[in-house]
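Undergrad: Quick check, what structure comes out for this input:
(chains A, B and C)
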Amino acid sequence: MSDKILEIKHLKKYFALKNRLVVKAVDDVSLELNRGETLGLVGESGSGKSTIAYVLVGMYEATEGEILYKGGDLAKAGLYRTLKQKGEIQIVFQDPGSSLNPKRTIRKSLMVPLQVHDRGLSKPQMDARVEELLEAVGLPVEFADKYPRAMGGGERQLISVARALATHPSLVILDEPTSALDVSIQAKVISKLVTLQKELMLSYLFITHDLSLMRNVADRVAILYLGRLCEQAPTADFFEKPLHPYTRMLLSSIPVATSEEEELKPAKIISTGEIPSPVNVPPGCAFHQRCKDMLPVCSAERPVMREVSPGHQVCCHLYNAN
Amino acid sequence: MDESWKETLKRSWLKYSESKITVLGLAIVAGFVFLALFGERLVPYPEHIGSFVDFANAGGAPSGAHPFGTDLIGRDVLSRIVGSFRNTLLMGVIVLCISAPVGFMVGVIAGYNKGKLIDTILMRLTDIFLAIPPLVLALAIASVLEPNMTNSMLAITVMWWPWYARLSYGVASSLRTENYIIYAELTGVRLPHIIFREILPNCLSAMLTKMTLDMGYVIIMGATLSYAGLGEQAPKPALGSMISQGVKYMPEQWWLTVFPAIAIIVLILGFNLFGDGISNMLGTDES
Amino acid sequence: MRGMGEGEILLDIKDFSVSFDVYGKKSHVLDGITFRVRAGERVGLVGESGCGKTTTLKAILRVLPKNAVIGGGSVLFGGRDVFGMARPELDDMRRRGAGMIFQDPSSALNPVFSVKSQFLTALRYANPPGTPKERLYEIAAEALDSVMLPDPHRIMDSFPYQLSGGMKQRVCIAMTIAAGRRLLLADEPGTSLDVTIQDQILRLINKLVSEKGLSVVMVSHSVGVIRESTNYVNIMYAGTVVESGATDDVFGNPMHPYTTALMSCVPKLTGGSIAQGIPGRVPDYMNTPAGCRFAPRCPRAKGACHERKPPHAEAAPGHYVSCHFASEAV
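TA: Below is the predicted model:
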């Protein structure tokens, strides 16, 4: 199952602001994704999780580092990728309100990728493909001639999924696809995504701030804080033995719906402090100002990622000694 | 499908007629367009619209036979006012139908490339046009060229497109960060698709609203040029030139000035109200 | 009728209904909402978007949109009917009685005025006319201190854009409590913030309630937030309260089919898998079902459900359910 499809090595993405400030949105992140796997990339605002997604789809050019997709390097390609590469890596955006053009019918929106990637298709063939795509995500064919405003948020997101599937991708980046939806709608969209993944052997990079959701859909979870990776582990391991102090604070901050979950949370770590601005990342470990277990070294030296048990990596000075 | 069309039409009407006064605007505009198309055949003295002379009835005050009076060479003022409508409408339509697409293209290309060199060039150019007082520019152009209807339209068009460039610039520069545009780029579609298929439909309602509101202003501008003698030439009637010729005979022969002036006021009021209604109708489209 | 607490009843909503006129048609949004808030109580309204949570909050402050029509029932604040109040009394209730904390703190503060000027304006109306400015400033600084903002004087001189989301929300809370209000209406107060910051805000609200004896109506779409920050909960679906009771009872032993379905859709930290969602859609408010509003989506619906509205009846001590077959579920 170590069929690597995507490998990100020491990815950096800096944005230069006016007055010489630099936002280190992504600062030395390394990740791997296997075929058919879901990697949950979790972080709060300013963590750089969406920036990673945008670099992967080619919206931004990486400042440094490598993105190996099926062996080829995408880091520098930016928008100048081949059509095939564009088709194989697809993205579903967060906001169902802005992912579809409000003035165009669903049919026209779904035809956008087909017109580019399947030029040979005749009009009836196109219509057939559109219907096929709607059926694949479990929506009625009649939706083709409706406008986005006639639909709920969940349905719009499913249409975005259908549009992403139009080019037969192997990697789909899900950028908070359900965070704007109600839970009952989220459940529908997620269960569809899970089915599609199995049917089509898709790999998902699932970007979210919702750890509870990742517990249920991800194979592995990675935590980002201010552009840096804190911890990465197989899902079960991650929730049973969270190591990084930030991960533990995050887990104990989640409001949960049942008392069984309450017991599973790590001993309550009272959330303190604010997330610093990504323009002004603290020296050493980015989290040290909010950390209960801070060591003197934390404010001076940036910790490195190390593997503490198979597949479980953590980037924290506390785990350096043993 | 038919049912949903009816439904849409009914909703649109409800939105349009939410404010009752806009219905009056619609009536004025409809009446104006009707008269512009068929007025020449309906007026009491169709031959008076051209070069007609009847010194026996010259300078006659409003009466039963001539409700708006007659002018200095005996032509019926009512007939001449109605007779000028066709050119007035034509001027508005042509000016807007040229300046809107031109402005759209300039604005959309600049807005979509916001922050790049092309944006700076196009929008500074637009700003230059906007910085010149419109009337001065139009007068300059119209006076350099031969004074006639075509050249006055040209003059107005030259100073009108920057407003549409501004409008579509705003829409395009905000839309370029919308996910569906980003998606289209990432998938590899070409620029014309993004401009005409993705951005244009989103500009359309704002442009349409502005066009109806602008109709009134274009009519004023046309009347101003013809008042200055730079529009339609005699013997054809134009509201502006009728006023400028009549004003010398104020206040004795007041009807020469007052009736064309009222016609202008009513038209502009009508188009403004109509524009408000259209804006109500298209404005809250999303809900 | 409600078992919780014995404190004074601060807010009493009885069988309250609201509809909206939409282009000549009626949209029946709230349908017979009933709940009470006693002094010192934290009451939750939980439901999905469009279920009428925010409309309920707006009704309490009488800030419903112009096209709203009250269909029946009453909203009593401190024993007085909010919709029967004369202007001065209503103003007084809004200034000193009940205050709203909004979901998005960025749009709740005006970006072009300093915190100080906005804060003092709000306080001027809430305090007797002629209260010296220095006194108002003191009250404001105390309030900022009580929401655990460090260095209140610096905050007072800041503009909203200089503060983070969490700090802005604290400022909003401070503005609400500084006027001596007894009821906080919190509309998704942590939803637009990060999880760790949301946790801080919710803990702050809980702390204020227990220290100052305030009452809270907490509105949220998140079952988890409501479970952790209220002691009494109303589950709302399509403008009706389908289940209500002590928070632990309702979430520990959900009886209404909608509550059960909703709970199954919430992703759990304990894992397992996610439910398939609830079949069907929320009903169109223009054309609501004649019987139970959940009946068209309910797996247990029978004839009666489609014909008669179920009463909000006590199914277990202190635990009320609007379902014809509530007893069968247990």
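Undergrad: What residues does the stretch 51-200 of chain C have near chain A?
TA: Within the stretch 51-200 of chain C, the positions near chain A by Cβ under 8 Å from any Cβ of the partner chain are C:S164, C:G166, C:M167, C:D194, C:V195, C:T196, C:I197, C:Q198, C:D199, C:Q200. All C-beta atoms are positioned from the backbone trio N, CA, C, and that covers glycine.
Undergrad: OK, contacts around the third one?
TA: Applying Cβ atoms under 8 Å, 6 or more residues apart in numbering or on different chains, one finds that C:M167 lies in contact with A:E274, C:L149, C:I155.
Undergrad: Would you enumerate the residues in contact with the closest residue in space to the first one that isn't next to it in sequence?
TA: So the one you mean is A:E274. Residue nearest to A:E274 in three dimensions, not counting chain neighbours: C:S164, with 5.2 Å by Cβ to Cβ, 6 or more residues apart in numbering or on different chains. By Cβ under 8 Å, 6+ apart, C:S164 lies in contact with A:E274, A:I275, C:I197.
Undergrad: which one of the contacts of C:M167 sits closest to chain B?
TA: Using Cβ to the nearest Cβ, A:E274 is the member of the contacts of C:M167 that sits closest to chain B, with 26.7 Å.
Undergrad: Assumed that closest one was part of a strand.
TA: No. In this structure, A:E274 is coil, not part of a strand, as judged by DSSP: H, G, I helix; E, B strand; the rest coil.
Undergrad: how far away is it from A:V42?
TA: Computed with Cβ to Cβ, to the nearest Å, the distance linking A:E274 and A:V42 is 19 Å.
Undergrad: Show me which of those two is the more surrounded one.
TA: A:V42 (26 against 16; other Cβ atoms under 10 Å in any protein chain shown).
Undergrad: Please export the C-alpha coordinates of stretch C:21-33 as PDB.
TA: Taking C-alpha atoms only, stretch C:21-33 is exported to PDB below (Å, rounded to 0.1, in the frame of the first residue of the first chain):
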ATOM      1  CA  ASP C  21     -44.800  38.400   3.700                       C
ATOM      2  CA  VAL C  22     -42.800  37.500   0.700                       C
ATOM      3  CA  TYR C  23     -44.200  39.000  -2.500                       C
ATOM      4  CA  GLY C  24     -47.800  38.400  -1.600                       C
ATOM      5  CA  LYS C  25     -47.200  35.000  -0.200                       C
ATOM      6  CA  LYS C  26     -46.800  33.900   3.500                       C
ATOM      7  CA  SER C  27     -43.700  32.200   4.700                       C
ATOM      8  CA  HIS C  28     -44.600  30.500   8.000                       C
ATOM      9  CA  VAL C  29     -41.300  30.500   9.800                       C
ATOM     10  CA  LEU C  30     -41.800  30.200  13.500                       C
ATOM     11  CA  ASP C  31     -44.600  27.900  14.500                       C
ATOM     12  CA  GLY C  32     -45.500  27.800  18.200                       C
ATOM     13  CA  ILE C  33     -42.200  28.300  19.900                       C
END
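Undergrad: Run the contact check for that stretch versus chain B.
TA: Yes. Applying Cβ under 8 Å from any Cβ, one finds stretch C:21-33 in contact with chain B at C:Y23, C:G24.
Undergrad: next one: that stretch to chain centre, how far?
TA: Counting by Cα atoms, centre = their mean, to the nearest Å, stretch C:21-33 is centred 20 Å from the centre of its parent chain.
Undergrad: And stretch C:102-118, by the same measure?
TA: With Cα atoms, centre = their mean, you get 21 Å for stretch C:102-118.
Undergrad: Also stretch C:119-128?
TA: 24 Å.
Undergrad: what secondary structure does the residue of the stretch 101-250 of chain C found nearest chain A sit in?
TA: Of all residues in the stretch 101-250 of chain C, C:G224 sits closest to chain A, at 3.2 Å by Cβ to the nearest Cβ. The three-state assignment at C:G224 reads helix, by three-state DSSP.
Undergrad: got it, and the one 10 residues further on?
TA: When the structure is reduced to helix, strand and coil (three-state DSSP), C:N234 reads as strand.
Undergrad: May I have the residues that are in contact with it?
TA: With the criterion set at Cβ under 8 Å, 6+ apart, C:N234 makes contact with C:F35, C:V43, C:G44, C:L45, C:V46, C:V241, C:E243, C:S244.
Undergrad: so it bridges to which residues?
TA: C:N234 forms beta bridges with C:L45, C:S244, as assigned by DSSP bridges.
Undergrad: For whichever residue of the stretch 1-150 of chain A sits closest to chain B, which non-adjacent residue is spatially closest?
TA: Nearest residue of the stretch 1-150 of chain A to chain B, counting by Cβ to the nearest Cβ: A:K103, 3.5 Å away. What sits nearest to A:K103 in space, not counting adjacent residues and going by Cβ to Cβ, 6+ apart, is B:P201, at 3.5 Å.
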